[in-house]
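1. Please find the sequence and the predicted model below.
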Amino acid sequence: MITMKVPYNYIVVEGSIGAGKTTLATMLARDFNAQLVLERFADNPFLEKFYKDPEHYALPVEMTFLMDRHQQLKSLITTRDLFTDFIIGDYFIDKCLLFSKNNLAADEFALFRTVFDAVSGPLPKPDLILYLYTTPDRLLRQIARRGRDFERDITAGYLSDIQEKYLTYFRENQQTPILLVDTENVDFVEKESDYQRFKDIITHQHEPGIHRILF
């Protein structure tokens, strides 16, 4: 039984595609009695089309993600599970900006940003971000291992671009504690000591800004 206290109300595990954020968030929610909020990527009807034809489907895929994430996070305000100790999720709303800036043409991004600013204001914001950083090559191996057909065409270059968008965002927005964890040689699923390290770090109070966590 977990006896350590988590000093946060809302934790987000973030990372590029294939980083393991959903797996880690699910494990931590289970062991700390947290309310789990997972991205519903499978509900986006444009996602598979986007990977096949990004130029034509970037805007609808990003708008669909924005509205679904908005609806899901907005519901936390009114349907908070009072029998759990805190909330943990595998995305935060500003993820919409990072991916859309990478995927959209300039005029489309300007439109998207207008809609984002209109709907994102009242949504809950995380008070701790745990970012899983690893190389594009390892991300590709992990993507291949989970075997989603629509992800077969993802390239190392695309993953590198997405990861750089995250890091730029974190450098420019340091009002929240951001734990940057290099997971290149970490296996929190199979190696208990690695997983224990993650459990330890979320039970400590961290100052706002980027903190590089070494294993």
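-> Looks like it came in fine. Values in this document were obtained by computation on a predicted structure and should not be read as measured data.

2. C-alpha from now on. contacts and neighbour counts both.
-> OK.

3. List the contacts of Ile210.
-> Residues touching Ile210, when contacts are defined by Cα atoms under 8 Å, 6 or more residues apart in numbering, comprise Phe170, Arg171, Gln174, Pro177, Ile178, Leu179, Leu180.

4. Now pLDDT too, for those, in CSV please.
-> Output for the contacts of Ile210, formatted as CSV (pLDDT from 0 to 100):
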residue, pLDDT
Phe170, 97
Arg171, 96
Gln174, 93
Pro177, 98
Ile178, 98
Leu179, 98
Leu180, 97
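
5. got a winner among those for most neighbours?
-> Within those, Ile178 tops the neighbour count with 25 neighbours, counted by other Cα atoms under 10 Å.

6. State the number of residues packed around Tyr169.
-> Per other Cα under 10 Å, the neighbour tally for Tyr169 reads 15.

7. part of a helix, is it?
-> Yes. Secondary structure assignment (DSSP: H, G, I helix; E, B strand; the rest coil) places Tyr169 inside a helix.

8. and it, what does it touch?
-> In this structure, Tyr169 makes contact with Leu98, judged by Cα under 8 Å, 6+ apart.

9. Tell me the one of the contacts of Ile210 nearest Asn103?
-> Asn103 lies nearest to Phe170 out of the contacts of Ile210, by Cα to Cα, at 18.9 Å.

10. Would you quantify the distance from that closest one to Phe83?
-> Taking Cα to Cα, to the nearest Å as the measure, Phe170 and Phe83 are separated by 32 Å.

11. With Asn103 instead?
-> Going from Asn103 to Phe83 by Cα to Cα gives 39 Å.

12. Show me which of these two is the more surrounded one.
-> Legend: neighbour count by other Cα under 10 Å for Asn103 and Phe83, higher for Asn103 (22 against 9).

13. before we move on, back to that, what about the contacts of Ile210, which are in helices?
-> Residues from the contacts of Ile210 lying in helices, with DSSP state H as the criterion: Phe170, Arg171.

14. Now distance to Gly89 too, for the contacts of Ile210, in TSV please.
-> Shown next, in TSV, are the contacts of Ile210 (distance: Cα to Cα, whole Å):
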residue	distance to Gly89
Phe170	18
Arg171	22
Gln174	19
Pro177	16
Ile178	15
Leu179	15
Leu180	16
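
15. Closest one of the contacts of Ile210 to Arg141?
-> Out of these, the one with the shortest distance to Arg141 is Leu180. That distance is 20.9 Å, counting by Cα to Cα.

16. Now Leu73. Nearest residue, chain neighbours left out?
-> Leu123 (6.2 Å; Cα to Cα, 6 or more residues apart in numbering).

17. Isn't the one you found up against Arg69?
-> No. Here Leu123 does not reach Arg69: they are 9.8 Å apart, not a contact under Cα atoms under 8 Å.

18. Would you mind pulling the contact partners of the helix ranked longest in the chain?
-> Secondary structure of the chain read by DSSP H shows that its longest helix is helix 54-78. Taking Cα under 8 Å, 6+ apart as the criterion, the residues outside helix 54-78 that touch it are 39-41, 44-47, 49-50, 93, 96, 99-100, 103-104, 108, 112, 116, 119-120, 122-124.

19. Great, nothing more from me.
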